[in-house]
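*Asks:* sequence first, then the predicted structure:
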Amino acid sequence: MNDGMTYALALMGAGFGIGLIVLLNIAMGWTRLRLDTEDKARRFLKRDVMGFEAGDEQALTTDRCGFICLEAGGERLGLVLARGDNAVVRALRAGDVRRVDRQGATLTIALYDYTFPRVVLELGRDGQSQAWAERVETFVRAPKRALKEEARHAESA
């Protein structure tokens, strides 16, 4: 057999194996997480972020896979994003957000988090996305947290 045929057979075998794993997961009851209610999303924040209390300003995405809220005191921004059968949760402080962009009802938040650099939220209404863009913008204008911590360490040394 030539190398091309060997590679093709290996690729087909790998694809078959991955497909079999996916089918087994589905057969065992694997389902995608949906944030059906704001309360369900708040529970993820409460579970993963110590001391986080969601305030009144909060929104679910139209596909029920994302949630954004301000903390009760306005200090942090809470994000919950359904990924697979669990959720990615972030509590962002001032300076953690690189920029925010809005296109119609879609809000895109760029973060200084290399493990989760970009969040896209489809909020459903232009007015809602505009209001959230303005709220998140206050987190962009603040200096980066890392710079604040470096300055604090330099003062104490």
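*Replies:* Sure, I can see it.
*Asks:* roughly how far is the helix ranked longest in the chain from the heart of the chain?
*Replies:* Identified as the longest helix of the chain according to DSSP state H is helix 3-27. Helix 3-27 has its C-alpha centroid displaced from the chain centroid by 30 Å (C-alpha atoms, centre = their mean, to the nearest Å).
*Asks:* the nearest residue to Val119 once chain neighbours are set aside: how many residues sit nearby?
*Replies:* Nearest residue to Val119, sequence neighbours excluded (C-beta to C-beta, 6 or more residues apart in numbering): Ile109, at 4.4 Å. For the C-beta atoms, the positions are set from N, CA and C on the backbone; glycine is no exception. When neighbours are defined as other C-beta atoms under 10 Å, Ile109 has 26 of them.
*Asks:* which strand or helix spans Ile109?
*Replies:* strand 106-111 (DSSP states H and E).
*Asks:* strand partners of that strand, parallel vs antiparallel please.
*Replies:* In the sheet, strand 106-111 lines up against strand 97-103 (antiparallel), strand 118-122 (antiparallel) (DSSP bridges).
*Asks:* list the buried residues of the first one.
*Replies:* Spelled out, it's strand 97-103. Val97, Val100, Arg102 (16 or more other C-beta atoms under 10 Å).
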